[in-house]
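Peer 1: Curious how this folds, go ahead:
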Amino acid sequence: AELIRLLARRHTALKTFLLDQSAIAGIGNIYADEICFVARLLPMRRTESLSPTEIGRLARAIPAVLSKAVDQRGSSLRDGRYRDLFGGLGDYQLLHAVHDRAGAPCGSCGGIVERTRVAGRSTYYCPKCQH
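Peer 2: Here you go, the predicted model:
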């Protein structure tokens, strides 16, 4: 219900909404891409176009992705700058379905992961799985 209320006040791309820390705190670029993939929603979809069923998928995807990322100690990309509390590298990047995988086959459908820009950020998605 809270997510429906928050979405009703925004008229923007879904990824822009997810990155807006005044709406939902703690979702960064990587996790916004992965949340959209798990929810099977295009990151560039307008928030006002989401159906109640799609909002339900989004509501389930947010804690699922964030919990899995926490369990894996976050994402450490090629630059190795992100370290966990103990100085170790995170492992969630090994589980990324779409983020930083442009040109690679989607693990769900075999389609090719694409890259675009949303909210000035590199954005990765599967055009076959996400609508």
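Peer 1: Run through the residues that contact the residue of the chain positioned farthest from its centre.
Peer 2: Distance from the centre of the chain peaks at F86, with 25.6 Å (CA atoms, centre = their mean). With contacts taken as CB atoms under 8 Å, 6 or more residues apart in numbering, F86 has no neighbouring residues. To be clear about C-beta, it is placed using only N, CA and C from the backbone, and glycine gets the same treatment.
Peer 1: confidence score at it?
Peer 2: We have a pLDDT of 81 for F86.
Peer 1: Which neighbouring elements make contact with the helix or strand bottoming out on mean pLDDT in the chain?
Peer 2: Across the helices and strands of the chain, mean confidence by mean pLDDT, DSSP states H and E is lowest for helix 2-8: a mean of 93. Here helix 2-8 touches helix 52-71, going by 3 or more CB pairs under 8 Å, 6 or more residues apart in numbering; DSSP states H and E.
Peer 1: Run through the neighbouring helices and strands of the helix it packs on.
Peer 2: Secondary-structure packing of helix 52-71 (3+ CB pairs under 8 Å, 6+ apart): helix 2-8, helix 29-38.
Peer 1: any idea how far stretch 40-60 is from the chain center?
Peer 2: Here the centre of stretch 40-60 is set off from its chain's centre by 12 Å, with CA atoms, centre = their mean, to the nearest Å.
Peer 1: Please list the residues outside that stretch that contact it.
Peer 2: 3-4, 7, 10-15, 17, 32-33, 35-36, 38-39, 116, 118, 123, 125, 127, 129-131.
Peer 1: where in the protein is pLDDT low?
Peer 2: For the chain, the stretches with pLDDT under 70 are 78, 80.
Peer 1: For T123, what is the enclosing helix or strand?
Peer 2: strand 121-125 (DSSP states H and E).
Peer 1: let me fix that: T116
Peer 2: strand 114-118.
Peer 1: Can you give me the distance of the residue farthest from the centre of the chain to Y125?
Peer 2: Distance of F86 to Y125, computed by CB to CB, to the nearest Å: 33 Å.
Peer 1: Nothing else from me, thank you.
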